[in-house]
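# fold the following, please.
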Amino acid sequence: MADQTSAEAQRKIDYEEREPRSPLVRIMLLLTIAACLAAAATGFYGVYNFPDAPIRQSENGYAGKTGSPRTQKEFEGFIAWEKAMFIAFPAAFVFGFAYAIAAALQRRKQRA
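I've put the predicted structure just below:
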């Protein structure tokens, strides 16, 4: 019991003595959070507005996967949403990896 209490006390001391995050790491964390929120919002937008995706051009105009008719404006919106998906999700991964690398480099620098 005493060992557990002293280990918890040591962790608290280590946490309080730790240097704050560098400005680069803070910026990378904020960019990661923003990119993840943007990716989630983009995904939810598409699920809500295009439940029968993909929308394709057919001989009678435009139609969703279920065969329901769609307008050209909806088709153009779907194409724009697809492009946004191919930007938002990779950006979230890139910023997440960049944050992880920057945070690891900072921790390594603090230990040295």
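# pretty sure Gly96 sits against Thr32.
Yes: if you go by Cβ atoms under 8 Å, Gly96 and Thr32 touch, sitting 5.0 Å apart. (C-beta placed from N, C-alpha, C; glycine too.)
# the helix or strand containing Gly96 packs against which elements?
In the assignment (DSSP states H and E), Gly96 maps to helix 72-111. Packing partners of helix 72-111 (3 or more Cβ pairs under 8 Å, 6 or more residues apart in numbering; DSSP states H and E): helix 23-49, strand 61-63.
# relative orientation of it and helix 23-49 in degrees?
If you take axes from the mean of the first three to the mean of the last three Cα atoms, to 10 degrees, helix 72-111 sits at 150 degrees to helix 23-49.
# what mean pLDDT does helix 72-111 get?
Average pLDDT, helix 72-111: 92.
# on that earlier part again, for Ala88, find the nearest of the helices and strands packed on helix 72-111.
Of all the helices and strands packed on helix 72-111, helix 23-49 sits nearest to Ala88, with 4.2 Å by Cβ to Cβ.
# residues of that closest one that come out buried?
For helix 23-49, a neighbour-count test (16 or more other Cβ atoms under 10 Å) marks Val25, Met28, Leu29, Leu31, Thr32, Ala35, Cys36, Ala38, Ala39, Thr42, Gly46 as buried.
# got those as JSON lines, with distance to Tyr62 and pLDDT columns?
Converted to JSON lines, the buried residues of helix 23-49 look like this (distance: Cβ to Cβ, whole Å; pLDDT from 0 to 100):
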{"residue": "Val25", "distance to Tyr62": "46", "pLDDT": "90"}
{"residue": "Met28", "distance to Tyr62": "41", "pLDDT": "93"}
{"residue": "Leu29", "distance to Tyr62": "42", "pLDDT": "93"}
{"residue": "Leu31", "distance to Tyr62": "36", "pLDDT": "95"}
{"residue": "Thr32", "distance to Tyr62": "37", "pLDDT": "96"}
{"residue": "Ala35", "distance to Tyr62": "31", "pLDDT": "96"}
{"residue": "Cys36", "distance to Tyr62": "32", "pLDDT": "96"}
{"residue": "Ala38", "distance to Tyr62": "27", "pLDDT": "96"}
{"residue": "Ala39", "distance to Tyr62": "26", "pLDDT": "96"}
{"residue": "Thr42", "distance to Tyr62": "21", "pLDDT": "96"}
{"residue": "Gly46", "distance to Tyr62": "16", "pLDDT": "93"}
